[in-house]
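Peer 1: Turn this into a structure:
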Amino acid sequence: MVDSFGALLRKCRLDAGISLGELSRRINYSKGQVSKIENGYKRPHPMFAKLCDRALGTDGVLAAALPPESTGTPLADTAVTSPDEVWVLELEDGSLRFTELPRRQVLTGAGALLGFAVARTARPVVDDDILGVLRSSFDQYRALGRMTSPSVVLAQVIAQVHTLRSLAVDNPEPMRSDLLLLAGRVAEFAGWMCQEAGQESGASHWTDQAVKLTAGRDPHMASFALFRHAEIALYRHDARQTVDLAQRAQQDQGASPRILGLAARCEAQGHALAGDLRGYQEALDRAAALLAIPQQTSGPVLGSSTAPDEVALTRAWALYELGRPGDAAELLDQQLADFPVSACRSRARFGVRRALAHAQSGEIDQACVAAREVLDDAARVDSATIRLDLRELSRTLSRWHTHRAVADLRQELAPMLKVPG
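Peer 2: Numbers count the residues shown, from 1 in each chain. This next block holds a predicted model:
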């Protein structure tokens, strides 16, 4: 019986007949760093345990010996609000913050943004042409969301939710339902932009609002909302909650193949985060089959749709989480070449992960090159979730801090790692 991770690592290493130096070589850590972990002088990172499991053939024993990585801490400090509050976003001294305003003030301002007088006495009539313009406006916000900081679009998107909800009150069926369905899609997008801004409670709030707005009109939005909550848990590195929420999202077998596929994909990521190879493979197989089914909707696509091959990208990142960064890097090298130039957010997200995979594989020069290819995109989209990966990249590269390219890159990364405000 061993009483520490270091003792367990030493036992597994000796049982495998591998020297300290050989293990260090296989996982791209220095001999001194591995020695410190074995002797209890340094806390092991979860990725270190996964790399050792793979190098020693211990089938997840070392990763399971570590406590869960998640502490339940959100992406950034947030204020919890009640479901009935009206939120707007303001820029103050260059930082993004939520402010609660009187509902009447928000509705009036939101209407002005889109050219409507939303006063209750005005009763504006919405026809198909106006609804088309509202949908086009949302499409423009989504396009902006792929290319720039969430602070550019969030206030306008939230204003559009309030505008659509107010217009729905004053219009009869079937236009009322059309407006509320669109409001639900806009609210869901607002939730994603909040997540990208590091506002986890805002992400949860607007995701739940999307379900309320479409209640009785889109019975499957609740399943999609569960998937989005699973994604939020994934970025907290909470594998158990990610899998649980993603599995619950798949219980509605009447939901569209895309919703079920996205949920299965997220479940696969949760299993990979937990080191469960079998669970990951089964869930990803389901996701691949479901996401290959053509969509039957004419409305806005739920979830990100800019990735050329969602399943391949999920597989690449899961390979990294399973302690196979070299395989992940090879697959990401192939996939990044197919990204459209306009998909700045996706290019930055997977480009940084590509650099991280190369770094964990010991391919330091390639990691630095891969990171520099997407630094401009990462700075432009100003994503809290991408910033998490940039911090991990900087931490990983610190093992080679005397390498000239690494030192230069880490200096460039330093200002990008600061949380705005």
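Peer 1: mind listing what the residue nearest to Ala414 when sequence neighbours are not counted touches?
Peer 2: Of all residues not flanking Ala414 in the chain, Ser394 sits nearest, at 7.9 Å (CB to CB, 6 or more residues apart in numbering). (C-beta placed from N, C-alpha, C; glycine too.) With contact taken as CB atoms under 8 Å, 6 or more residues apart in numbering, Ser394 is in contact with 410, 413-414, 417.
Peer 1: Remind me which helix or strand Ser394 belongs to.
Peer 2: helix 384-397 (DSSP states H and E).
Peer 1: got the buried residues for that helix?
Peer 2: In terms of neighbour count (16 or more other CB atoms under 10 Å), helix 384-397 has its buried residues at 384-390, 392-394, 396-397.
Peer 1: Over to stretch 245-262?
Peer 2: Residues of stretch 245-262 classed as buried: 245-250, 252, 255-256, 258-262 (neighbour count, 16+ other CB under 10 Å).
Peer 1: a markdown table please, covering the residues you listed and showing pLDDT and distance to Cys344.
Peer 2: Output for the buried residues of stretch 245-262, formatted as a markdown table (pLDDT from 0 to 100; distance: CB to CB, whole Å):
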| residue | pLDDT | distance to Cys344 |
| --- | --- | --- |
| Leu245 | 97 | 28 |
| Ala246 | 97 | 27 |
| Gln247 | 97 | 32 |
| Arg248 | 97 | 32 |
| Ala249 | 96 | 28 |
| Gln250 | 96 | 31 |
| Asp252 | 91 | 33 |
| Ala255 | 90 | 30 |
| Ser256 | 90 | 27 |
| Arg258 | 91 | 23 |
| Ile259 | 93 | 26 |
| Leu260 | 95 | 29 |
| Gly261 | 95 | 25 |
| Leu262 | 94 | 21 |
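Peer 1: pretty sure Cys344 is in contact with Gly145, am I right?
Peer 2: No: using CB atoms under 8 Å, Cys344 is not in contact with Gly145, being 9.8 Å away.
Peer 1: Show me the helices in the stretch 251-400 of the chain, by range?
Peer 2: Along the stretch 251-400 of the chain, counting by DSSP state H, counting those that start in this stretch, helices occupy 257-273, 277-291, 310-321, 325-336, 344-360, 364-381, 384-397.
Peer 1: closest to Ser4 out of these?
Peer 2: helix 384-397 (22.7 Å; CB to CB).
Peer 1: now the angle from the closest one to helix 325-336?
Peer 2: 140 degrees (axes from the mean of the first three to the mean of the last three CA atoms, to 10 degrees).
Peer 1: quick check: angle from helix 384-397 to helix 344-360?
Peer 2: Going by the same axes, to 10 degrees, helix 384-397 makes 20 degrees with helix 344-360.
Peer 1: Please report phi then psi for Gly362.
Peer 2: phi 90, psi 10 (degrees, to the nearest 10).
Peer 1: Verify the stated contact: it with Asn28.
Peer 2: Yes: using CB under 8 Å, Gly362 is in contact with Asn28, at 3.5 Å.
Peer 1: now the helices of the stretch 251-400 of the chain in a markdown table, with distance to Pro124?
Peer 2: A markdown table is the format used below for these (distance: least, CB to CB, whole Å):
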| stretch | distance to Pro124 |
| --- | --- |
| helix 257-273 | 33 |
| helix 277-291 | 39 |
| helix 310-321 | 39 |
| helix 325-336 | 46 |
| helix 344-360 | 34 |
| helix 364-381 | 35 |
| helix 384-397 | 37 |
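Peer 1: So for Ile158, which of the ones you listed sits nearest?
Peer 2: helix 384-397 (17.5 Å).
Peer 1: Which elements pack onto the helix or strand following that closest one?
Peer 2: As assigned by DSSP H and E, the chain's next helix or strand after helix 384-397 is helix 404-413. Applying 3 or more CB pairs under 8 Å, 6 or more residues apart in numbering; DSSP states H and E, we find helix 404-413 packed against helix 364-381, helix 384-397.
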